[in-house]
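**Student:** Provided below for reference: sequence and predicted model.
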Amino acid sequence: DNWQSIAVSGDLNAAGTEVDLSGTQGIRLWTKGTKIGNQVAFQIHIVSTNITDYSYYRWTITPQSSWQYLEIPWSSFTHPGWGQGATLTITEVLQKARVINFVITSLVENGVNSVGNEWYLDEIEIYSGTLPTNTPTITFTWTPTQTFTFGLATVTPTPTPTEAKELKIDNVITYPNPITKANDITLKFNISKSANYLSIKIYTSASRLVAEKTVKKDFMQGINIESIEWKKYLVNLAKGTYYYIITVKDKNNKEAKSGVQKIILLK
């Protein structure tokens, strides 16, 4: 093969056999990366048992240097325009899916290699149903060490579900964690209805409040992202383990609190 590439593969079940994904909506994940040169592509491939000539349905991205959360519907994946993939529909491919590949590949034959390119992946999920739900049908996760973000904006046009009567906050995710020097923290969380106030309180293991961030703006029902800036809230904290709680309030001043979340600060 004269087309150089490097890939990380995720089997969809322990047996490595095909799985029918036609009843699911797409794939979502946290990701970041570094791209070297213009002759390299970062792609997600759906490997299926009805394609044997590598003409897999794929989605191509441009990596970003900071973590971002993406939801990519299967309808955004396309075949390469040749081979067996060009004769199949996305539904036919999903019915015979076996592996999800994350690939850094050369765009020219006998061309550049993948040295120096980096791609980090975490919290990879196959999702189904109306978004946002955080109830995936199939879940598989890589720790971002030898991992390989997607520079395109999040692709999913998500319908707005009917708001819940009670304000709740859940599914809190912290990135990165542990935190190294000069890195901001990104928080992803889900709320059951819209809110217009948020506070993040950081405590020591002895329950002493050491930092607090307050934000007054509109937060939508569903998945939201907020950050804790290093220079403003973390730079004066000593190395160690800390805990934080997110509080949100709606327009009627009803509030909800997250569970206690742990962060580890490395300096």
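**Tutor:** Yep, it's here. Numbers count the residues shown, from 1 in each chain.
**Student:** CA atoms for contacts and neighbours, from now on please.
**Tutor:** OK.
**Student:** was I right about Q39 contacting V108?
**Tutor:** Yes. Using CA atoms under 8 Å, Q39 is in contact with V108, at 6.7 Å.
**Student:** Pull out the buried positions in stretch 177-193.
**Tutor:** When neighbours are counted by 16 or more other CA atoms under 10 Å, the buried residues of stretch 177-193 are found to be 179, 183-193.
**Student:** and if you look at stretch 36-43?
**Tutor:** Buried, per 16+ other CA under 10 Å, within stretch 36-43: 40-43.
**Student:** Save the buried residues of stretch 177-193 as JSON lines, and put in distance to T89, secondary structure and pLDDT too.
**Tutor:** As requested, the buried residues of stretch 177-193 are arranged in JSON lines below (distance: CA to CA, whole Å; DSSP: H, G, I helix; E, B strand; the rest coil; pLDDT from 0 to 100):
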{"residue": "I179", "distance to T89": "44", "secondary structure": "strand", "pLDDT": "88"}
{"residue": "N183", "distance to T89": "43", "secondary structure": "coil", "pLDDT": "85"}
{"residue": "D184", "distance to T89": "42", "secondary structure": "coil", "pLDDT": "90"}
{"residue": "I185", "distance to T89": "41", "secondary structure": "strand", "pLDDT": "91"}
{"residue": "T186", "distance to T89": "37", "secondary structure": "strand", "pLDDT": "91"}
{"residue": "L187", "distance to T89": "37", "secondary structure": "strand", "pLDDT": "92"}
{"residue": "K188", "distance to T89": "34", "secondary structure": "strand", "pLDDT": "93"}
{"residue": "F189", "distance to T89": "35", "secondary structure": "strand", "pLDDT": "93"}
{"residue": "N190", "distance to T89": "34", "secondary structure": "strand", "pLDDT": "93"}
{"residue": "I191", "distance to T89": "36", "secondary structure": "strand", "pLDDT": "94"}
{"residue": "S192", "distance to T89": "36", "secondary structure": "coil", "pLDDT": "92"}
{"residue": "K193", "distance to T89": "37", "secondary structure": "coil", "pLDDT": "92"}
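**Student:** ok so, going back, in helices only, show me the buried residues of stretch 36-43.
**Tutor:** Assigned to helices by DSSP state H, none of the buried residues of stretch 36-43 qualify.
**Student:** And these, which is closest to I263?
**Tutor:** For the buried residues of stretch 36-43, the closest approach to I263 (CA to CA) belongs to F42, at 30.7 Å.
**Student:** my read: the closest one touches Q64, true?
**Tutor:** No. With contacts defined as CA under 8 Å, F42 does not count as touching Q64, sitting 11.3 Å away.
**Student:** residue ranges with poor pLDDT in the protein?
**Tutor:** Within the chain, the stretches with pLDDT under 70 are 1-3, 109-115, 129-164.
**Student:** Would you check how far apart N177 and K232 are?
**Tutor:** Using CA to CA, to the nearest Å, one obtains 18 Å as the distance from N177 to K232.
**Student:** helix, strand or coil for A14?
**Tutor:** The assignment at A14 comes out as coil when based on DSSP: H, G, I helix; E, B strand; the rest coil.
**Student:** all numbers from here: first residue = 6
**Tutor:** With 6 as the first residue, the last one maps to A19.
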